[in-house]
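J.: Pasted the sequence and its predicted model underneath.
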Amino acid sequence: MTDQTIASHVSAPKPAAKPARGIWRQGWQRFARSRTGMLGLVLVLIVVATAVIGPFVAPFDAQDQSPMLDPGAKAPPSWTNPLGTDRMGYDVLSRVIYGAPTALAVGLGAMSIAAAIGILVGGVAGYRGGTTDEVLMRFTDFFLVIPMFVVILAVVRLLGVAVVDTPFESVPYLNLGVIILLIGVFSWAPIARMTRAEFLRLKNQEFVEAARCIGATSGDILFRHILPNALPSLIVIIALGIGGAVLAEAMIGFLGFGDPAAVSWGQLLYFNYQALKVAPWASLSPGLAIFVTVLGFNLLADGLTDAFNPRAKN
Amino acid sequence: MRVFVFLARRLIFAIILMLGVSAAIFFLINAIGNPIELMMAETPGMTGEVIERMKGYYGLDQPPLTRYLLWLGRLLHLDFGTSIVYNQPVGSLIATWGWQTLKIQLPAILIALAIAILFGVTAARRQHSRSDFTVMGTALLGQSLPAFFLGILLIFVFSYTLDWLPSYGAYSTRNPLWGSPTLDALWHMILPVAMLTFFNTATLTLLMRSNMVDVLKSDFIAAMRASGIPERRVIYVHALRAAFIPMLTYLGLLIGLMLGTAPVTESVFTWPGLGSLYVAAIHQLDYPVIMGASAVIAFMLICTTLLTDVIYVLIDPRISLEGGP
């Protein structure tokens, strides 16, 4: 309690929140000038809007196979089915729309897990230094070289067999949850490295020294002083990671190991790829959706680099 | 002398990593369930007694740690066991299928490097020009285009629409192109190599450009130009060498990414490589192949990292040998 009063008293003329707001406002001004960044933001917003309102405006339900009867399976685009129908008689447009929430759930879910682990490990390593740093960074190196995709495939498939006849079988979206968890657990290493580098850079700067002098606790220094200043760099790497996670899930789905209960773009490709020659619209539409989402997050990250770390680029 | 100490430390760390990764793969896969029980879960009418006998036969009734050490011991003798599906030694399966993977990945890396150097240098020399903008834009788009979707697009255009190139496999089952198996094999390689090359080129070009821009601003380039060395030589020999060194680390990462996603890229073209072998093994629960192939892929990744570190030290005299192992 006492440190809090002193802290607020000392910094009374200039509230501590001001510089942080400055970073964000300046960042936004620079971001708005970055053409690639704005394009990325627009693409991401389109995907988010599709995920949020799409399911209410989609012409068909995700599980509605009625087009099988009227235009038939693999029918080309028409007024009732703007993107045609697929091999199993689903409306392609509706299925692509229903894929958006799944993709965002994977991207955001996996990256939340990765960010939580990465910031914790990297932050402790950077702040503590010494042996702790050495041990944690070797642990991080280990996660950098593990072939994540190869391991996830095996685990998802084997788990699918192992849960049969157990209570876990009835858990909804178990498969998708496991995929999100595994992508998160295997992609925190770059975040940890970045956090460590930022913490090393920041921990001896004057404002941290000042906070230490007025008796701020370690937790306060870490979370209220260092972390907010490290966030701009971390946001860039997290935005890139969201695109990467969406792509990873698409690849798992494309190989046929996705969640049968969830509609995902990779899985749509898996179901329709064999009919690429007869019904190209059914494969190209979900593929384009993956491309647009990944592109959106990559360009967003590019714009964020311009905004917060202009010297990193030429 | 310091170089040797550095290399020795690197090597020891790589060995520890290999042990760690192999243990992680082994225990993760075995933690999910006993292989025999999972394999028999899809076979109806298996009684408990038969399963117990099979466990005993394959040595799967022993504690996991013992099994891991036995597996590791056999790995050291390059004995990966026998595939349940193919009934062949896993080692020779990995060698034959791995060769096909190498056949498309090695050319893809080399061609991508050549293109990246050409475009990256051109863009860097005329920074902010139209050609720079075009190269950057294409590379940025290419970076986000998933390799497997690019493969699907290539098949759609060049195999199905234009009917120029084969869409699957590494060779024709009958009637090879112009009666020559070699030409036939090359003909089948074009699309998969094009897919991987494009994927690699995008990021390498962006990196090449930004490194080159930095190098061209440095003092030693100005000094060389001032001393009358021909511009072409300054750019393509001296500047290029300086700009290339930081790319090595990334090259290692890229090779790892390409190997790690081989299961997807290869299944687009039904290419008979290590990735396809792995996917088939997972579908059929062919345990020895799953364990062997994932261990080999992990070992290849670690070796690539080790190799890039070693080359880095050997060609860059400025590197500090003190920091980190």
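T.: In hand now; what should we look at? Residues are numbered from 1 along each chain as shown, chains lettered A, B, ... in the order given.
J.: so where is the chain shaky, pLDDT-wise?
T.: You didn't pick a chain, so chain A it is. Along chain A, the parts satisfying pLDDT under 70 run over A:1-21, A:310-314.
J.: That was the other one, I meant chain B.
T.: Applying pLDDT under 70 to chain B flags the ranges B:1, B:42, B:173-177, B:179, B:316-325.
J.: OK, contacts around the residue most central in space within it?
T.: Centroid-nearest residue in chain B: residue B:259, 2.4 Å away (criterion: Cα atoms, centre = their mean). By Cβ atoms under 8 Å, 6 or more residues apart in numbering or on different chains, residue B:259 lies in contact with A:147, B:101, B:105, B:274, B:297, B:300-301, B:304. All C-beta atoms are positioned from the backbone trio N, CA, C, and that covers glycine.
J.: Most neighbours of all those residues, which one?
T.: Ranked by neighbour count (other Cβ atoms under 10 Å in any protein chain shown), the contacts of residue B:259 have residue B:274 at the top, with 28 neighbours.
J.: That one: what's it in contact with?
T.: So residue B:274 contacts B:94, B:97-98, B:100-101, B:259, B:262, B:266, B:293, B:296-297 (Cβ under 8 Å, 6+ apart).
J.: Which residue does the stretch 151-300 of chain A have closest to chain B?
T.: Among all residues of the stretch 151-300 of chain A, residue A:295 sits closest to chain B, at 3.8 Å; criterion: Cβ to the nearest Cβ.
J.: May I have the phi/psi pair for the nearest residue to that residue once chain neighbours are set aside?
T.: Distance criterion Cβ to Cβ, 6 or more residues apart in numbering or on different chains; nearest residue to residue A:295, sequence neighbours excluded, is residue B:144 at 3.8 Å. Per-residue torsions, residue B:144: phi -90, psi -10 (degrees, to the nearest 10).
J.: circling back: what sits against the residue of the stretch 151-300 of chain A closest to chain B?
T.: So residue A:295 contacts A:40, A:43, A:243, B:141, B:144-145 (Cβ under 8 Å, 6+ apart).
J.: what's the answer for residue A:133, then?
T.: A:125-126, A:196 are the contacts of residue A:133 under Cβ under 8 Å, 6+ apart.
J.: top of these by neighbour count?
T.: Going by other Cβ under 10 Å, residue A:126 tops those with 27 neighbours.
J.: which stretch of helix or strand covers that residue?
T.: helix A:92-128 (DSSP states H and E).
J.: could you dump the contacts of residue A:133 to TSV with distance to residue B:122?
T.: Shown next, in TSV, are the contacts of residue A:133 (distance: Cβ to Cβ, whole Å):
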residue	distance to residue B:122
A:125	41
A:126	39
A:196	37
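J.: For the helix holding residue A:126, could you pull out the residues that count as buried?
T.: A:92-111, A:113-115, A:117-119, A:121-127 (16 or more other Cβ atoms under 10 Å in any protein chain shown).
J.: got it, and stretch A:65-81?
T.: Under 16+ other Cβ under 10 Å, the buried positions of stretch A:65-81 are A:67-68, A:71, A:73-75, A:81.
J.: now swap in stretch B:96-104 and tell me
T.: Buried-residue list, stretch B:96-104, by 16+ other Cβ under 10 Å: B:97-98, B:100-101, B:103-104.
J.: now stretch B:118-125
T.: B:119-125.
J.: Repeat that for stretch B:62-79.
T.: Neighbour-count burial for stretch B:62-79 [16+ other Cβ under 10 Å]: B:67-68, B:71, B:75.
J.: Same question for stretch A:126-140.
T.: A:126-127, A:133, A:136-137, A:140.
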